[in-house]
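A.B. asks: below are the sequence and a predicted model for it; my questions follow.
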Amino acid sequence: MPTTPPTALGIDVGTTNTKVALVDLAEPRVLAVASARTPAPADAADVLAGLVARVLRSTSHPGGHVSSGVVPCAVGVASMAETGVPVGPDGRPRGDWLRWDGQRAGAEADLLAARLGRADLFAATGVRVSAKVPLATWEWLRTHRPDDLHGGAGRWAGAADLVGMLLTGRLATDHTLAGRTGGYRLGRPGDLPTAFDADLLGAVGLTPAHVPDVLVPGEPLGVVLDGPFTAAGLRAGTPVVVAGHDHPVGTWAAGVRRPGQAADSVGTAEAVCTVLAVDPVPGPVAAAGMSLVRTVSGAHAALLAGSSSAGAAVAWWLESHGTADVDALMADVAALGDAPLDTLVLPYVRGRQTPAPDPDATPQVVGDLDGRSAAEGAFALLAGLALQARWMLDEQRRLAGADAATSVAVLGGPMSANAAWLRLKARVSPSPLRLVAEAEPVAAGAALLAAERSGLGGGSVAVLPSSPVPGRPDGAASDVEHALSRFVAAARGGGRGGRDRSGTP
């Protein structure tokens with residue numbers, strides 16, 4: 001009788017949607033995916049249990065009964081960063097998500113920067129203090145909702161942390177998520193802090209008792225407890241890990257794990273990550289609007305650059321132009337092939353975080369769209385998005401020096417679904433691209449990390465399959481460089497400075 005290959009479950013709590021993926025560890029490949037709009041914290045257990053049940057039943061015996069052969073051996077949880085909710089001693093959330101894009105804590109961020117020193121904070125944490133950073137949100141809570149976190153035995157739960165607690169009963173996080181809060185010191189690769197920093201927490205009136213435990217890289221969170229998730233088909237006692245921040249988890253799953261490698265992770269937001277052998281000087285990194293981070297393994301430094309204007313910019317364009325048949329429009333865009341890059345759209349629907357940070361940047365047409373078709377307008381937007389990513393990668397190459405990437409892995413649902421966008425990205429890229437075609441690489445990566453950290457897979461470290469993306473057409477280099485020059489000049493010319501309220505990763 002044939003044996004069923006081992007599987008692991010990955011959960012990705014995203015800005016827009018939450019995905020659950022069941023992964024065959026032998027190949028690896030995704031067997032089934034279920035998704036829903038990211039629920040409010042109070043609804044997370046019910047929604048996630050429903051997604052788990054859907055995934056397991058889709059690979060079960062006829063009649064809807066879950067087969068023991070498809071019960072996952074491990075569960076991994078990844079999520080967006082800089083997003084969380086205060087919870088009470090009973091674990092119940094106190095309100096809705098306080099998200100990275102909420103912009104509520106801009107004044108508090110400015111006060112923290114003035115009091116603690118903007119450059120000093122960056123050097124200590126690798127994070128630029130801004131409205132999206134939880135450290136500023138915690139200061140905002142102290143003034144506006146003091147009973148939620150600072151009083152009443154409250155604790156902060158990041159998005160992945162809350163899901164992990166629902167599964168295991170333990171509130172803990174990993175260093176990639178803790179490192180995005182502004183309350184966790186960067187540490188040295190291979191020697192990371194094992195807790196949030198008491199002095200940084202004290203600056204906003206908190207103690208380590210108010211925040212999650214920080215897991216050592218590779219340390220499991222706990223095991224699945226009896227409750228809604230076992231009713232959905234998981235086995236009690238199944239190991240659970242906090243895989244980490246969504247973009248680094250996807251980067252790891254794509255095989256980008258050593259210095260000189262880079263990944264471009266595209267979803268609602270977009271993140272470009274280059275793995276480094278050593279940290280660069282922090283000042284220029286902060287000035288460029290980027291972050292210094294550690295890879296999910298904790299073994300290497302990395303540069304992280306983010307843009308909130310990725311899938312969010314496409315959604316904005318489609319809504320503002322009243323597009324009903326998106327598939328037909330994108331097919332028309334793809335049919336344009338390598339059309340001239342004479343008209344571009346600066347895709348800044350939420351300002352620009354990097355390079356040349358400008359929180360007030362707005363969409364702008366470079367060229368003339370008058371008389372152009374709907375497909376040509378969408379082409380100009382996708383070209384702008386591709387050039388924004390190229391600009392981020394160029395800045396990372398400059399900052400990385402000898403560790404500059406020689407190839408880039410591209411991943412994320414929009415890249416596997418939108419051939420026109422991918423073609424433009426390859427056309428303008430300074431380095432060869434390879435596409436990770438898996439539509440849910442973060443959820444898949446969370447499952448693979450859960451398997452690795454639970455000792456599954458015989459010690460082998462799985463990588464999602466990828467394939468080369470055809471590059472720019474012959475003779476197109478000058479066309480691309482001219483378009484990039486026009487794009488960057490227009491973006492810099494539109495900069496108005498001011499407080500950093502923009503973007504993610």
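C.D. replies: Alright, I've got the coordinates.

A.B. asks: switch to C-alpha atoms for all contacts and neighbour counts from now on
C.D. replies: Fine.

A.B. asks: would you mind giving the domain segments of the protein?
C.D. replies: When the chain is parsed with automatic domain parsing, its domains come out as 7-245, 256-435+472-505.

A.B. asks: residue 447: which of those domains is closest?
C.D. replies: Proximity to residue 447, assessed across the domains of the chain by C-alpha to C-alpha, is greatest for domain 7-245 (4.0 Å).

A.B. asks: wait, doesn't residue 414 sit right on residue 265?
C.D. replies: No - the criterion here is C-alpha atoms under 8 Å, and residue 414 misses it with residue 265 at 9.6 Å.

A.B. asks: show me which of those two is the more surrounded one.
C.D. replies: Neighbours per residue, other C-alpha atoms under 10 Å: of residue 414 and residue 265, the larger number sits with residue 265, 31 against 19.

A.B. asks: got the CA positions of the helix or strand encompassing the more buried one in CSV?
C.D. replies: Using DSSP states H and E, residue 265 maps to strand 261-266. Output of strand 261-266 as CSV, limited to C-alpha atoms (Å, rounded to 0.1, in the frame of the first residue of the first chain):
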residue,chain,number,x,y,z
GLN,A,261,21.6,36.9,-3.3
ALA,A,262,18.4,39.0,-3.6
ALA,A,263,14.7,38.6,-3.7
ASP,A,264,11.8,40.8,-4.9
SER,A,265,8.7,39.8,-3.0
VAL,A,266,5.4,41.3,-4.4
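
A.B. asks: number of residues surrounding the residue nearest to residue 99 when sequence neighbours are not counted?
C.D. replies: In space, residue 99 comes closest to residue 83 once its chain neighbours are excluded; the distance is 4.3 Å by C-alpha to C-alpha, 6 or more residues apart in numbering. Using other C-alpha under 10 Å, residue 83 has 26 neighbouring residues.

A.B. asks: repeat that for residue 335.
C.D. replies: Neighbours around residue 335, by other C-alpha under 10 Å: 12.

A.B. asks: how about the strands of the stretch 101-250 of the chain, start to end?
C.D. replies: 155-158, 172-173, 213-214, 222-223, 239-245 (DSSP state E, counting those that start in this stretch).

A.B. asks: before we move on, back to that, give the pairing partners of the strand holding residue 265; include direction for each.
C.D. replies: strand 270-276 (antiparallel), strand 407-411 (parallel) (DSSP bridges).

A.B. asks: wait, which of the ones you listed is closest to residue 136?
C.D. replies: Of all these, strand 270-276 sits nearest to residue 136, with 22.0 Å by C-alpha to C-alpha.

A.B. asks: of the strands of the stretch 101-250 of the chain, which approaches residue 382 most closely?
C.D. replies: Closest to residue 382 of the strands of the stretch 101-250 of the chain, according to C-alpha to C-alpha: strand 239-245, at 25.9 Å.

A.B. asks: elements contacting the closest one?
C.D. replies: Helices and strands touching strand 239-245, by 3 or more C-alpha pairs under 8 Å, 6 or more residues apart in numbering; DSSP states H and E, are strand 75-79, helix 159-168, strand 172-173, helix 175-178, strand 222-223, helix 441-453.

A.B. asks: okay, these in JSON lines with mean neighbour count, mean pLDDT and distance to residue 274 next?
C.D. replies: Below are those laid out as JSON lines (neighbours: other C-alpha atoms under 10 Å; pLDDT from 0 to 100; distance: least, C-alpha to C-alpha, whole Å):
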{"stretch": "strand 75-79", "mean neighbour count": "32", "mean pLDDT": "98", "distance to residue 274": "20"}
{"stretch": "helix 159-168", "mean neighbour count": "27", "mean pLDDT": "98", "distance to residue 274": "24"}
{"stretch": "strand 172-173", "mean neighbour count": "26", "mean pLDDT": "98", "distance to residue 274": "23"}
{"stretch": "helix 175-178", "mean neighbour count": "28", "mean pLDDT": "98", "distance to residue 274": "15"}
{"stretch": "strand 222-223", "mean neighbour count": "20", "mean pLDDT": "98", "distance to residue 274": "31"}
{"stretch": "helix 441-453", "mean neighbour count": "31", "mean pLDDT": "95", "distance to residue 274": "17"}
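
A.B. asks: got a list of what residue 209 touches?
C.D. replies: Residue 209 makes contacts with residue 155, as judged by C-alpha atoms under 8 Å, 6 or more residues apart in numbering.

A.B. asks: and it, how far from residue 401?
C.D. replies: 41 Å (C-alpha to C-alpha, to the nearest Å).

A.B. asks: do the same with residue 485
C.D. replies: Residue 485 is 22 Å from residue 401, by C-alpha to C-alpha.

A.B. asks: please spell out which residues along the top helix by length along the chain are buried.
C.D. replies: Identified as the longest helix of the chain according to DSSP state H is helix 374-400. Applying a neighbour-count criterion of 16 or more other C-alpha atoms under 10 Å, one finds 374-397, 399-400 buried in helix 374-400.

A.B. asks: on that earlier part again, and the strands of the stretch 101-250 of the chain as JSON lines, adding distance to residue 280?
C.D. replies: Formatted as JSON lines, those follow (distance: least, C-alpha to C-alpha, whole Å):
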{"stretch": "strand 155-158", "distance to residue 280": "28"}
{"stretch": "strand 172-173", "distance to residue 280": "26"}
{"stretch": "strand 213-214", "distance to residue 280": "25"}
{"stretch": "strand 222-223", "distance to residue 280": "36"}
{"stretch": "strand 239-245", "distance to residue 280": "22"}
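
A.B. asks: out of these, which one sits most buried?
C.D. replies: strand 239-245 (a mean of 31; mean count of other C-alpha atoms under 10 Å).

A.B. asks: report the angle between it and helix 441-453.
C.D. replies: Interaxial angle of strand 239-245 relative to helix 441-453 (axes from the mean of the first three to the mean of the last three C-alpha atoms, to 10 degrees): 130 degrees.

A.B. asks: got a list of contacts for strand 239-245?
C.D. replies: So strand 239-245 is in contact with 73-81, 160-161, 164, 167-168, 172-177, 219-224, 249, 296, 446, 449-450, 453-454, going by C-alpha under 8 Å, 6+ apart.

A.B. asks: give me the mean pLDDT for that strand.
C.D. replies: In this model, strand 239-245 has a mean pLDDT of 97.

A.B. asks: about what we covered before: among the domains of the chain, which is nearest residue 442?
C.D. replies: Judging those by C-alpha to C-alpha, what sits closest to residue 442 is domain 7-245, at 6.2 Å.

A.B. asks: quote the end-to-end distance of the closest one.
C.D. replies: The first and last residues of domain 7-245 sit 22 Å apart, counting by C-alpha to C-alpha.

A.B. asks: from the chain's centroid, how far away is that domain?
C.D. replies: Mean C-alpha position of domain 7-245 versus that of the full chain (C-alpha atoms, centre = their mean, to the nearest Å) differs by 13 Å.
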